[in-house]
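1. Predicted model follows, preceded by the sequence.
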Amino acid sequence: MSLQTKIKNIITDATLSAKQKTLFLSLEAEAIVDYMPISADVLAAKDAGIFCDMFEGNAPFKPRYVLPDYAKFLQQGSEYLELEPATNLDEAINLLTIIYHHVPSVTNIPVYLGQLDEILLPFVADVSEEVLYRKLKNFWIMLDRTLPDAFMHVNIGPTDNIICRMILKIDAELKQVAPNLTFMYDPQITPESLLQQACDNICECSKPHIANYPMFSEAFGAPGFGIVSCYNSLPVAGGANTLVRMNLKEVALRSNTIEEFLTTTLPHYSTLMFELIEARSAFLHEESNFFTGFLTTEGLINEDRFAPMFGIYGMAEAVNILMEKSGSTAKYGHNEEANAIALQISEALNEIVTTTPVKHGLKGRALLHSQGGISCDHEVTPGIRIPYGTEPDPVVHIKALAAHHKYYVSGISEILTIEETIKNNPLALMQLCKGALALGFREFTANVASNDLVRVTGYMVKLSDISKFKEEGSRTNTTWLGTEASENTRILERQPRVVSREMSPVYPTK
């Protein structure tokens, strides 16, 4: 298809709003620019599907993910935006509403809206519960209607406070696709009643993610971290300059034995992927002039708190291929031998990423990431997940994958799909959550089978929106991602289970 034809298709697409057309047209314009210089070996691996640059553009002019220090912004205001510091709740919400439109990301919509309860608490001492509910509910509706992208992410917890509980209440009532939501859980701080409210919400609307706060907080220095986009964990006042991912399935296909994969093929392609990471990061930091903007000059972000994300996917297929080449029929997620090989791969990846210096990284390093897939993936499973439709019962599922989580500092997520009868016993869901986090899960995520609002890789879509999308389109930018993902990646085949025992980045060619 010629570029002119593709542009014409975008312009005349009846399922897209004017803003959505503008986004897709801008991506086509970015793709016209020549790709930054990379070696022939890196280009060959990229063309072969071993690496994917996540369609961030041929010459990145903005980081993939940006996490401003919103608390600092509310305290100091902004000279660039001509805003005084906030002195009450109305002013705080107004300031946040304004700055969100000035925070870039790979989606052109902010992927991080802040640790919202923490940053708003200083402004609610003299606000009644009734007034707070009304203002936060209007704010929540505004976010979904004006920034309609499910990668937009709010964090709350781990402390018990009125804003945290109010946001959970409002999110369960409205059942909106956006914003995405993570509840931080710390067993030393968080009361069980608050954790139970979060689990009750999962029964209602498949949100929030529940994050293992102590595990995350150890990995990032002050001023802390945030969970953004799908489930990605990154430093506040920083972010991710780029995300490049490796298809472990393709690496396994190029290996004769498990030993060759671990000692030769994986290190070889990791070295090449670091070359691609360095090229993309260097252009952003050294040529794009992004870090001369007001977010940097006013101290809301610091260039040295950005890091590249070293992503992987296709662990399941890689292990199954390697087991088959060794003469075994053992399958990933269901057999201890296969699971042990997978853990060796994660350990090897961790060793490579934590010992390889990068020029533009967090303390000179990239961050390992279990990447949740994109909607145009075919016959390959996201991250380290067990293939959809073949998952074992929840306890076996959790035990099979828990040991991996400590290695994936910048994010990892499994999505347990639970039968709707859990709604009659939400306490069981809380116990499953606590068990998963105690075993080392970074994040607990679940869908309830009967809910209209479900999680795709890590972002939310409504099944009713997917069913109508091809005829009517959607005001939510990520519905088309979920539609393509449902067709290509078998996400709707996740097995619903009783508790007795988680994106297409370019305009789809039509």
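-> Yes, it's here.
2. going forward, measure contacts and count neighbours with C-alpha atoms only.
-> OK.
3. contacting residues around stretch 90-101?
-> The contact list for stretch 90-101 (Cα atoms under 8 Å, 6 or more residues apart in numbering) reads 70, 74, 77, 83, 86, 109-110, 113, 120, 123, 139.
4. What mean pLDDT does the longest strand anywhere in the chain get?
-> As assigned by DSSP state E, the longest strand anywhere in the chain is strand 238-247. Here strand 238-247 scores 98 as its mean pLDDT.
5. Which residues does it contact?
-> 49-54, 56, 62-68, 234, 273, 276-277, 280-281, 284, 301-314, 371.
6. what's the answer for stretch 161-180, then?
-> Residues outside stretch 161-180 that contact it (Cα under 8 Å, 6+ apart) are 117, 120-121, 133, 136-137, 140, 143-144, 148-154, 156-157, 194, 197-198, 201, 204-205, 207-208, 229-230, 453, 459-462.
7. Now it: buried residues?
-> Of all the residues in stretch 161-180, those buried under the rule 16 or more other Cα atoms under 10 Å are 163-172, 175-180.
8. And stretch 18-32, by the same measure?
-> The neighbour-count check on stretch 18-32 (16+ other Cα under 10 Å) flags 20-21, 23-25, 27-28, 30 as buried.
9. How about stretch 350-363?
-> For stretch 350-363, by 16+ other Cα under 10 Å, it's 350, 352-353, 358-362.
10. For these, give me CSV that also has secondary structure.
-> Shown next, in CSV, are the buried residues of stretch 350-363 (DSSP: H, G, I helix; E, B strand; the rest coil):
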residue, secondary structure
350, helix
352, helix
353, helix
358, strand
359, strand
360, strand
361, strand
362, strand
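11. would you turn those into TSV with distance to residue 339 and pLDDT?
-> Below are these laid out as TSV (distance: Cα to Cα, whole Å; pLDDT from 0 to 100):
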residue	distance to residue 339	pLDDT
350	17	98
352	20	98
353	21	98
358	30	98
359	34	98
360	34	98
361	31	98
362	30	97
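12. and which of those is nearest to residue 259?
-> Closest approach between the buried residues of stretch 350-363 and residue 259, by Cα to Cα: residue 352, at 15.8 Å.
13. Tell me how far the closest one lies from residue 269.
-> 11 Å (Cα to Cα, to the nearest Å).
14. do residue 282 as well
-> Look at residue 282 and residue 269: by Cα to Cα, they are 20 Å apart.
15. repeat for residue 90
-> Separation of residue 90 from residue 269 (Cα to Cα) stands at 52 Å.
16. So for those two, which sits in the more crowded spot?
-> Taking neighbours as other Cα atoms under 10 Å, residue 90 and residue 269 compare with residue 269 leading, 19 against 12.
17. Could I get the contacting residues of that one?
-> residue 251.
18. mind running it again at 7 Å?
-> Contacts for residue 269 (Cα atoms under 7 Å, 6 or more residues apart in numbering) come out as none.
19. again with residue 61
-> Contact analysis of residue 61 by Cα under 7 Å, 6+ apart lists 284, 288, 290.
20. Can you name the residues bridging to residue 307?
-> Counting by DSSP bridges, residue 307 is bridged to residue 240.
21. For the stretch 151-300 of the chain, which segments are assigned as helices?
-> Along the stretch 151-300 of the chain, the stretches classed as helices by DSSP state H, counting those that start in this stretch are 162-174, 192-205, 213-217, 248-253, 258-260, 266-286, 294-297.
22. so how far is the third one from its chain's centroid?
-> From the chain centre to the centre of helix 213-217 is a distance of 17 Å (Cα atoms, centre = their mean, to the nearest Å).
23. Likewise for the second one?
-> The gap between where helix 192-205 is centred and where its chain is centred comes out at 21 Å by Cα atoms, centre = their mean.
24. and what of the last one?
-> What separates the centre of helix 294-297 from the centre of its chain is 25 Å, taken as Cα atoms, centre = their mean.
25. Please list the outside residues in contact with it.
-> For helix 294-297, contacts defined as Cα under 7 Å, 6+ apart pick out 80, 301-302.
26. so can I have JSON lines of the residues you listed showing distance to residue 377, pLDDT and neighbour count?
-> Output for the contacts of helix 294-297, formatted as JSON lines (distance: Cα to Cα, whole Å; pLDDT from 0 to 100; neighbours: other Cα atoms under 10 Å):
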{"residue": "80", "distance to residue 377": "41", "pLDDT": "98", "neighbour count": "11"}
{"residue": "301", "distance to residue 377": "33", "pLDDT": "98", "neighbour count": "24"}
{"residue": "302", "distance to residue 377": "34", "pLDDT": "98", "neighbour count": "19"}
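27. Show me which of the residues you listed is closest to residue 185.
-> Residue 185 lies nearest to residue 301 out of the contacts of helix 294-297, by Cα to Cα, at 25.8 Å.
28. Which strand or helix spans that closest one?
-> For residue 301, there is no enclosing helix or strand under DSSP states H and E.
29. First-to-last residue distance for stretch 309-317?
-> Where stretch 309-317 begins and where it ends lie 22 Å apart, using Cα to Cα.
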